[in-house]
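Participant: Can you look at this prediction? I've put the sequence above it.
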Amino acid sequence: MTETTKPVVGWIGLGAMGSGMATSLVRDGYTVKAYDVWKPSLQAVVGAGAQEAPTPADAAKGVQVLGLMVVNAQQVEDVIFGKGDVAQVLEEDAVIICFSTVPPSYLVSVAERLDALGKNIGLCDCPVSGGSTRAATGELAIMTSGTSSSVSRANPVLSALTKPALGALSIVGDKVGTASDFKLINQVFCAVQIAAQGEAIALAKNWGLNPRLVYNLIKGASGDSFMFGHRVPWSLNHDGVPKSLMTIISKDIGIVMDEARSLCFPAPMCAVSETLFTMAIGAGLQKLEDGQVSKVWESFGGVPIAEKGTVEEEEAKAKELDIKPASGVQAQTAKVLIVGLGAMGLPIAQALTKSSIDVLGYDANASAAERFTQQGGKVVGDLEQAGKDRDTVLLVVNTAKQAEEVLFSLDGRGLVTSLPQNSLIIICSTIPPSEAIRIQTLLDTHKKGHQLIDAPVSGGPSRAVKGDLSIFASGSEEALSRAHPILSVLSTSAGNANLHFIPGGLGSGSKIKLVNNLLAGIHLAVAAEGLAFAKYKKMDLDKVFQVVRGGAASSYMMIDRVPRMFEQKAQVFSPTKTFVKDLSIVLTEAKKVNTPLFLGSVAAQQFTRAVSEGWGDEDDSSVGRLWESMGVDLRH
């Protein structure tokens, strides 16, 4: 389109998003007539080249496209049909683009009232996502719906606001209200994930972890989401630039819950998020960015989260331990005993065996041991006898209690008594941080110099067998140095930096893993809830997933698990009961540092319900089936 054919644009609403959007249009050569009640915002946009409109009606006169980026439905109503008088002054064949997040049913009524005027005024339902930064660069994600004529008239402006590479325009329907339905589902994920990052980073700080280190590690793990990556820095080291106020996400999740309540749809993750943002505003945080919801936990006596130094200074502090392999120690010279040959232990044993390491396996379950034998592995039936010539033990058991029984009291005898002096014991399971410290204390009472490594792993059986696990290892630096060659074989075969040595001593590795699993569990639970709500509203699930996965609503767990929710019988990669165990651990440990986990508690209940339905050994994506009693089946 040439400069002369670009439509004249009216713009009402110049907040953090609206001002960026209007300015980006000016920069693209559009004539923009702008209005806002807040004069400083208006003057800033006028300074960038927009024309000042003294009233909403003035902004609407003589324009072909009118953009509305006001706060809520009440303001939309007042601008179009109330004091703003926009509906009366708009020319025939103009089109209104409503970018505000409002109830879908409200926009249906607006379209009907505009049609009744007989002026062929179009209406495009266009909720946006992407934040103020992408608004200013014209790289937003925008969902739109409306008649083909309305969308066609609005398309030049919409395309200018959604430029690649980050921007994207999705036409999701031909009826007003459809796009707002998509935005409503989008905000299910966004609101919960914004609240979740606050909960997780508060727990990390109260646990004595460096939150920036936690942030850096989880960005590459299963607990990651767009909102985690985008919002945590606002709590750690805010740059002072206005972005997205707490009141906006509070309003959006309020719309979600109003809709859920009116339709009698149970949405527990959304409900607790609504409560959290209401709590934040009640605590006086309404003028803060929504990512700073973590300050709610500070009001409970938690440790302040904001960093004191510059980002560069704080990054320098957020370092993993620099551990090198102990001099003269090689993986191939180790004699390794693996206790636990289940879903994770077996592929770990396979990976070590492929690397020409002397591996001996043990499992109380004879069939599990037999599977390793069939693959050419060596197994032993007498655990005490097996330990006599082993210098390294990997425990891949389910619980800390099982680890303790293996080491100290299996059949009245403990493995610890038969191990050679100064043996290395590596616990690869997710256990309570306090239990790692306790087990080392028990080892010390035997006075044989045994050293414990707390090294929970992540990545599942497929990555385990390839030696590409993510590992969060903690313990004494001497022990970590000795363990380095073995842990490296299990984590670096694909050349990725998946082996992490966590400062802070024993238990710190499990703390990192538990923060990650807290986020992963929340993200999976809300993925189920959001998709079930969409199905309940008779939306196209494939289209919904396509839209939400590509924007601010995305998370690792959504992208990984939702396709399995759609399958009739999903392959089991991680059983549902594992999340019950992991979330139970993190909830119990969080109580010890007086950190309430609102979303974590609800997510744990969802997985517990799934187990109670008999899905404990099914893939954890089975949590998406919780609404089937209401006729909501996500499976294709």
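Facilitator: Sure thing, it's come through. Numbering: from 1, shown residues only.
Participant: partners of the helix or strand residue 10 falls within, with directions?
Facilitator: Taking DSSP states H and E as the criterion, the element that holds residue 10 is strand 9-12. The partner list of strand 9-12 in its sheet, established with DSSP bridges, is strand 32-35 (parallel), strand 65-68 (parallel).
Participant: Throw these into TSV and include distance to residue 265 and mean pLDDT, thanks.
Facilitator: Where C-beta positions appear, they are placed from N, C-alpha and C, glycine not excepted. Output for these, formatted as TSV (distance: least, C-beta to C-beta, whole Å; pLDDT from 0 to 100):
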stretch	distance to residue 265	mean pLDDT
strand 32-35	38	98
strand 65-68	28	98
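Participant: What about this protein, which residue is the most distant from its middle?
Facilitator: In the chain, counting by C-alpha atoms, centre = their mean, residue 118 sits farthest out from the average C-alpha position, at 46.7 Å.
Participant: how near is that residue to residue 76?
Facilitator: When C-beta to C-beta, to the nearest Å is applied, the distance between residue 118 and residue 76 equals 21 Å.
Participant: what comes into contact with the helix or strand bottoming out on mean pLDDT in the chain?
Facilitator: Using mean pLDDT, DSSP states H and E, the weakest-scoring helix or strand in the chain turns out to be helix 383-386, at a mean of 82. With contact meaning C-beta atoms under 8 Å, 6 or more residues apart in numbering, helix 383-386 is reached by 337, 339, 360, 362, 380, 406, 410, 413-415, 417-418.
Participant: Make sure residue 170 is indeed in a strand.
Facilitator: Yes: with the criterion set as DSSP: H, G, I helix; E, B strand; the rest coil, the secondary structure at residue 170 is a strand.
Participant: show me what contacts it?
Facilitator: For residue 170, the contacting residues are 141-144, 182, 546-547, by C-beta under 8 Å, 6+ apart.
Participant: Kindly report the same for residue 621.
Facilitator: 524, 528, 561-562, 564-565, 567, 570.
Participant: Just the ones of these in helices?
Facilitator: Applying DSSP state H to the contacts of residue 621, the entries found in helices are 524, 528, 561-562, 564-565.
Participant: Turn the strands paired with strand 9-12 into a markdown table, including mean neighbour count.
Facilitator: Written out in a markdown table, the entries for these read as follows (neighbours: other C-beta atoms under 10 Å):
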| stretch | mean neighbour count |
| --- | --- |
| strand 32-35 | 26 |
| strand 65-68 | 27 |
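Participant: Could I get those in TSV, plus columns for distance to residue 148?
Facilitator: Written out in TSV, the entries for the strands paired with strand 9-12 read as follows (distance: least, C-beta to C-beta, whole Å):
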stretch	distance to residue 148
strand 32-35	25
strand 65-68	16
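Participant: can you list the contacts of residue 170 in CSV and add secondary structure?
Facilitator: Supplementary listing: the contacts of residue 170 in CSV, determined by three-state DSSP:
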residue, secondary structure
141, strand
142, strand
143, strand
144, strand
182, helix
546, helix
547, helix
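Participant: Just the buried ones from these?
Facilitator: Of the members of the contacts of residue 170, the ones counted as buried by neighbours, 16 or more other C-beta atoms under 10 Å, are 141-144, 182, 547.
Participant: ok, the residues you listed vs residue 289, which is closest?
Facilitator: Here the nearest of those to residue 289, counting by C-beta to C-beta, is residue 141; it sits at 19.4 Å.
Participant: mind checking pLDDT for that closest one?
Facilitator: Predicted confidence (pLDDT) for residue 141: 87.
Participant: hey, what's it bridged with?
Facilitator: Beta-bridge pairing of residue 141 under DSSP bridges involves residue 129, residue 168.
Participant: circling back to that earlier point, what average pLDDT does the strand holding residue 10 get?
Facilitator: Confidence over strand 9-12, taken as the mean pLDDT, stands at 98.
Participant: what ranges do the helices span in the stretch 101-250 of the chain?
Facilitator: 104-115, 131-137, 148-161, 178-206, 211-218, 226-236, 246-262 (DSSP state H, counting those that start in this stretch).
Participant: was I right about residue 146 contacting residue 176?
Facilitator: Yes: if you go by C-beta atoms under 8 Å, residue 146 and residue 176 touch, sitting 5.3 Å apart.
Participant: list the residues that contact both of the two?
Facilitator: What both residue 146 and residue 176 touch, as defined by C-beta under 8 Å, 6+ apart, is the set 111, 123-125.
Participant: how about residue 470, what does it touch?
Facilitator: With contacts taken as C-beta under 8 Å, 6+ apart, residue 470 has the following neighbours: 220-221, 457-459, 463, 491, 498, 500.
Participant: These in helices, which ones?
Facilitator: Per DSSP H, helices hold the following members of those: 463, 491.
Participant: out of the contacts of residue 470, who's nearest residue 330?
Facilitator: Within the set of these, residue 491 lies nearest residue 330; the separation is 16.3 Å, counting by C-beta to C-beta.
Participant: which residues sit in contact with the closest one?
Facilitator: Under the criterion of C-beta under 8 Å, 6+ apart, the contact list for residue 491 reads 457, 467-471, 498-499.
Participant: how deep is the closest residue to residue 204 other than its chain neighbours tucked in, by neighbour count?
Facilitator: Nearest-residue entry for residue 204: residue 214, 4.4 Å, with adjacent residues in sequence omitted and distances by C-beta to C-beta, 6 or more residues apart in numbering. With neighbours defined by other C-beta atoms under 10 Å, the count for residue 214 comes to 24.
Participant: Am I right that residue 214 is in contact with residue 201?
Facilitator: Yes: Residue 214 lies in contact with residue 201 (C-beta under 8 Å); the separation is 7.0 Å.
Participant: sorry, back to before: for the helices of the stretch 101-250 of the chain, state which one has the densest average packing.
Facilitator: Using mean count of other C-beta atoms under 10 Å, the stretch among the helices of the stretch 101-250 of the chain with the largest mean neighbour count is helix 178-206, at a mean of 28.
Participant: Give the rounded mean pLDDT of that helix.
Facilitator: Helix 178-206 comes out with an average pLDDT of 96.
Participant: so how far is it off the chain centroid?
Facilitator: For helix 178-206, the distance between its averaged C-alpha position and the chain's averaged C-alpha position is 8 Å (C-alpha atoms, centre = their mean, to the nearest Å).
Participant: can you check stretch 327-347 too?
Facilitator: Between the centre of stretch 327-347 and the centre of its chain there are 33 Å (C-alpha atoms, centre = their mean).
Participant: And stretch 369-385, by the same measure?
Facilitator: In terms of C-alpha atoms, centre = their mean, the gap separating the centre of stretch 369-385 from the centre of its chain is 40 Å.
Participant: what sits opposite the most centrally placed residue in the chain in the beta ladder?
Facilitator: A centroid search over the chain (C-alpha atoms, centre = their mean) returns residue 225, at 3.2 Å, as the residue closest to the centre. Applying DSSP bridges to residue 225 gives these bridge partners: residue 555.
Participant: List the contacts of it.
Facilitator: Residues in contact with residue 225 (C-beta under 8 Å, 6+ apart) are 193, 196-197, 519, 523, 554-558.
Participant: Check residue 138 too.
Facilitator: Residues in contact with residue 138, defined by C-beta under 8 Å, 6+ apart, are 21, 24-25, 27-28, 160-163, 167.
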